[in-house]
Each structure stands twice: as C-alpha cells, then as structure tokens.
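Student: here you go, sequence then predicted model.
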Amino acid sequence: MENNTSSFLIEAKRLFEIDCLAQAKATVQKELQQFPDSYDGLLLAGNIAKSMGHTDKALEYLQKAANQQPDKPDHMIISGRVFADLGQITKAVEILEKVLSQHENHVSAYCNLIEVMAQGGDLSGAITKCKMAIWMVPHNADLYSVMARVLHLQKSYRESETYYKKVIELAPDKWSSYFALADLLLEIGRGEEAETLLQKALLLPQGKRWDVYHSLGKSFMQQYRAKDAVEAYEQGVLLKPSNSIIYRNLGNALREIGRFKDANNIYREGLVVDPEDPWLYALLPLVNKYADKEHPDLLAISALLEKNQISIGAAMELHFALGKALDQCKSYDTAFYHYQKANKIRYSEQNGSDLQDVLELIENIKANFTPDLFKKLQHVGSRDSWPVFIVGMFRSGTSLTEQILASHPDVHGAGERVEMGLLCRELPLMLQQADKTFPECIAELTPAVANEVAKSYRDSLYKGVDNKILRVVDKLPFNFLHLGVISLLFPNAHIIHCKRHPLDVCLSNYFQNFSSGPKFVQDLEEIALYYRAYHDLMLHWQKVLPLSIHSVVYEELVADPMPHSQDLIKKIALPWDDKCLSPHKTNRAVQTASTWQVRQPIYASSRYRWRNYEKCLGKVKDILEDLLPENSKV
C-alpha cells in the first residue's frame, strides 16, 4: 500500500507545504479514494481542512484517523489546534497536555501547546512553558522558533530577534528560519535587513514561495523601491493566484508609481479570486473617480456593509471608501456619515486618544528650545546645505510641494522619512542622559554627537541616491516638531512650511484613512485643538530659530503655480528648471495619501472644500475662530 499511495500523498504534502491548499485538498482526496483508511491521508486531509477554515470537516477526518491508530499523537495535536481555532482554548490545552503526558518531550506537542497558550492570551505562561521545553529538549530549532514567535507577539522585539537568530544557527538550510526573522524585521521597519534574509530564503529548497515573495515586496516598499516591489509581488501572484491579499499589495505598489489603471485592474483581478474581499473594494476609490452614487462598485460596498458579516476593521475601511467616493459624487451629507462611522470605529478600537501627550510634548519643546539654547549651541552642527525639510499639517499640500521640488534634476524627493524623529528619541542615550527624555536632554548636545546624528541622517537619506544630487527632500510633516534639532544639526538646511486653510486641513485629516500615526485624527475637535498647538509652535520657531522658514500657502500655489514654484526653487538655492511647472509628469514613487493627486496637473478644486461640510463642523470653527480668514467666520 505504501508504494501505491506514496505518489498522491507526497504530492499532497508538497502542495500543502507551499500553501496551495485547494490543489492539496484535491490531491489528498485521490489518496483517500483509493485508501479510505490511510492514517497519513486522513491526517493530512484534516490539516488541510483546518487551514482552509473548515473546522467541522477537519474534526471528522481527524476522528477517522484516531479510529485507525488511536495511540499516535499526531491527530490529537491537530485536533487541539482545531479547537483553539474554534475559541475553545481550555479544551485545546487539555488535549495537548494529554499528548505530552503520553509522549514525553514530544517537540510538536510542546510547540503547539505553547502557540495555543499564546493564542489564548497567556503569553507569560507560554514563555515559561517554552523555557521548560528548551531545557528538556535543548538545541531544537522548532522550540527556539516558537519562543521567538511568542516574544514577537509580546513585542519583545530584541529578545525575539535573538531567538530567531538562534533558529538560523540551528537550521541554516530551512527557508522558514530566514523568513521568520525577516517578518519581525519588517514589523520594526528594518526592510533592508529583511530583504537580505528573504533573498537567502529564496535560494533554499522550497523557498520560492508566494509568501516569501510577498514579504520581499514589503521589504522593497520600506526601502522606497516600489518598482522592485511590483516585480516581487508579481512573482507571488504567479505562485499563489488564489490569494487575494497579494493582489492588494501589488495594486498598492502599482499605485505608488503612478500606474493607476494597472492597479485598478489588479484590484479587480483580486475580486475575481475573492468576490467579497472588503479590503480590495476599499481600495477601488483610490484609483477610480465616481460621479454616480449608484455605481456598481459603491452598491457592492454598501451590500457588504449591510450583510454585517465582516470584521470591524473591514467595516471601517469600507466606510472610509464610501466617504471618499460619495464626496466625489457630491453627496456630502452621506459622505460625512460614512467618514464619521469609520472614525468612530477606529477611535473605539484604539483605546483612547494621544492628543494630551502631543500637546504636552509641544509645550515641552517650546520651553527647552530658547534663544539662549541656540546661542549656546550655534557651532555644533554640520555646515551641509543638502537637506530640505517640508513641514506643516498633514494634508496641507506637502506632497504637491515635494513633487514640484523633486521635478528639478538636482533634487531627490525622499518622501516621508521617520529617521529624524527616531534620532531625536535616541538622543538621551547618545548624550548619556538616560534619566532625561527628548527634548529635556537637548542642552547637553555636543559637536561630536551632533555630527554623528547628522551623518547617520545623511547616510540614511542618501542611500541609493546619486551623490551628485544637491538637495534631498524629507517631507514628513511631523518634522515641525523637530525644527529645533534640525536647525542645530543643519544650520544651513532649507525649511519649507506648507499652510492651508485651517478648516480644510482639519476636514482633510478627518477624511483620511491613516494606517498609522496619531490617534487624535479620528475626532474633528481634537484635530482642531492639535492645529492650534501646531500653529503656536510654528510661531515659536519663527521667533527663536536661527534659520529662515519659507511659507507656501496651498491656495495661492494652486491658483498661480508659476511664481510660487519659482520662489520654492529660489529658496533652496538652485537655478530654475521648467520641469518644475509640470510636476505631474515626474516619474517617481510616492508613498503618501496624495499619490493620485500628485499625478494630476495642478488643480484648485480642493480649495475651500470645507464649505461643502460647514454644517458638520460643530465646535471646530469656534476652536479655530481667531485663526480663520475673515471670509470663513460667517
């Protein structure tokens, strides 16, 4: 029987291992048609059914396997995982503990028990159990791997990385060893290191998998290499055309390099694979313009919401999508309803607001960055004039401003970079002021540390950029918080401050589906309070900074691009280039919410958008009253 059944079983196992579940299911059925009592066949069929979410069928197969060979542990281990998937954690733990009582030091039982405990939220218990297992069965790569995963879940990233590296040491020939560590590094933004690991995984047996290519695409995106990401995602689609997730990310990468039609086609191909994938539907308004609120896309999104059979997160995405589409259709009241629903979901899911923390930070910055400080530290920084910082509120025209600058042949647009904020957080340790935080530590800044930080920042932003480039633009709006540090590190830096009508800025932030960032953007009144604090800090900088700030008013820029674009280029001390008048023709990846807008000729239709939603503004106008132009106060 072994010889007769091995071909089907071997092929089914191979397909299962590379996550081709439908093909694996069909192949194992051929095995069971010939040998319905095959223990290994029943076991694999149960595992496949579990992976496909068919828990009842999985338990049926596993019970048949138990009937064939009741003393074997394998069917019990998989049954334990099935009950865990059903939310029956206690029962799952009992089953797996029973396996260990009958089969001492069974590594698979230990691994599955630990993962089930973690799945049930008992992370500390899972870690304790894993340490015991490693003591009982030392030098086992699977146990080190499960320990790393639990620590990863606990967000103990440094410890998790140590265990993942031990896994690679113990099992250097397994693709999964490298893939797991890469997954961790991607989560903490170390895309270049993740890429190296994933390239190694691809060279190993069974390493050419869709999920490895998918993660490789993510690593490229983190490195602002969207074109490379497209190629990696396309390989993933070829290997796993039945997985809608990879269509989402392939479409997103295409969108970021301006291939909107291709992105739209990919999203729709994904919907053929999974006609009810809510995240794919939520992406359609990012690459389509709607004029009819009865458009089939919008009706499909509404139908998904009405079914009420999707996750809270998916519902939030769909409400944001409908808000955007209905705004295009000029159905402003209904659009605001959906934006409000989306923001209420996110606000309720994020455990409160962080507005007070940000307001306190801003006051702390103002208290520490004084004229006396700048006088004391006036000679600590680098004399380089390459950096250009675009700051302001999100949704204030920063992407358009960067696109105009990046259209100049001597300018590289680096996008929204987090390095300056991370370096500010590291300053206390670098200055041996561990008992202080930023910005309290800034008075101890030394020329040596300032040059180290400046070099680290330059190395990061110039990575992959031709050294002949004279200016590199960092357009993270949040850097308005760091202008004090920037002026100390780079006293010859160029600062561009983007301004826009306060009500338009607040509404545009409220309407934006930010995947990460501050928590207060889900509440209009909190956004308005933040705007006031931002405005006050910019006034403070204008008084105390030893370098000048060039302001770009969005409404003036889009109404008359020529003189304001010329002023921009003059501000960064470069000769004029006519390409800066056609920023939509500049071919570069844009990883911001404005990726569509910067691909269009400069338009003025977003000015004074707040008037469409004036009755929805509530107390926002009162909070901002003294900051509003006169024609906004009626």
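Tutor: Great, that's in hand. Numbering: from 1, shown residues only.

Student: okay, buried residues for the biggest helix by length in the chain please.
Tutor: The single longest helix within the chain, with elements called by DSSP state H, is helix 524-544. The neighbour-count criterion (16 or more other Cβ atoms under 10 Å) identifies 524-534, 537-538, 540-541, 544 as the buried residues of helix 524-544. Any C-beta I mention is one placed from the backbone N, CA and C, and that applies to glycine too.

Student: got it, and stretch 133-149?
Tutor: Ala133, Ile134, Asn140, Ala141, Asp142, Leu143, Tyr144, Ser145, Val146, Met147, Ala148, Arg149.

Student: please apply the same query to stretch 74-92.
Tutor: Along stretch 74-92, the positions that meet the burial threshold by neighbour count (16+ other Cβ under 10 Å) are 74-85, 89, 91-92.

Student: out of those, which sit inside helices?
Tutor: Reading helices off these with DSSP H, I get 74-85, 89, 91-92.

Student: verify the stated contact: Tyr510 with Asn343.
Tutor: Yes: the pair Tyr510 and Asn343 passes the contact test of Cβ atoms under 8 Å, sitting 6.4 Å apart.

Student: neighbour count for these two, which is higher?
Tutor: Set side by side, Tyr510 and Asn343 show more neighbours around Tyr510, with 24 against 21, by other Cβ atoms under 10 Å.

Student: how close does that one sit to Lys64?
Tutor: 55 Å (Cβ to Cβ, to the nearest Å).

Student: likewise for Met221?
Tutor: With the distance defined as Cβ to Cβ, Met221 ends up 45 Å from Lys64.

Student: and Ser124, by the same measure?
Tutor: Using Cβ to Cβ, Ser124 is found at 37 Å from Lys64.

Student: who has more neighbours, the two?
Tutor: Neighbour totals were compared for Ser124 and Lys64, and Lys64 leads with 20 against 12 (other Cβ under 10 Å).

Student: tell me which residues of the strand or helix carrying the more buried one are tucked away?
Tutor: Of the helices and strands defined by DSSP states H and E, Lys64 is found in helix 55-68. For helix 55-68, burial by neighbour count (16+ other Cβ under 10 Å) applies to Lys57, Ala58, Leu59, Tyr61, Leu62, Lys64, Ala65, Ala66, Gln68.

Student: any idea how far Leu100 is from the residue positioned nearest the centre of the chain?
Tutor: When the chain is reduced to its mean C-alpha position, the closest residue under Cα atoms, centre = their mean turns out to be Ser515, at 6.3 Å. The spacing between Ser515 and Leu100, counted by Cβ to Cβ, is 41 Å.

Student: including secondary structure and distance to Ala335, could the buried residues of stretch 133-149 go into JSON lines?
Tutor: Formatted as JSON lines, the buried residues of stretch 133-149 follow (DSSP: H, G, I helix; E, B strand; the rest coil; distance: Cβ to Cβ, whole Å):
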{"residue": "Ala133", "secondary structure": "helix", "distance to Ala335": "54"}
{"residue": "Ile134", "secondary structure": "helix", "distance to Ala335": "55"}
{"residue": "Asn140", "secondary structure": "coil", "distance to Ala335": "56"}
{"residue": "Ala141", "secondary structure": "helix", "distance to Ala335": "53"}
{"residue": "Asp142", "secondary structure": "helix", "distance to Ala335": "51"}
{"residue": "Leu143", "secondary structure": "helix", "distance to Ala335": "53"}
{"residue": "Tyr144", "secondary structure": "helix", "distance to Ala335": "51"}
{"residue": "Ser145", "secondary structure": "helix", "distance to Ala335": "47"}
{"residue": "Val146", "secondary structure": "helix", "distance to Ala335": "47"}
{"residue": "Met147", "secondary structure": "helix", "distance to Ala335": "48"}
{"residue": "Ala148", "secondary structure": "helix", "distance to Ala335": "45"}
{"residue": "Arg149", "secondary structure": "helix", "distance to Ala335": "42"}
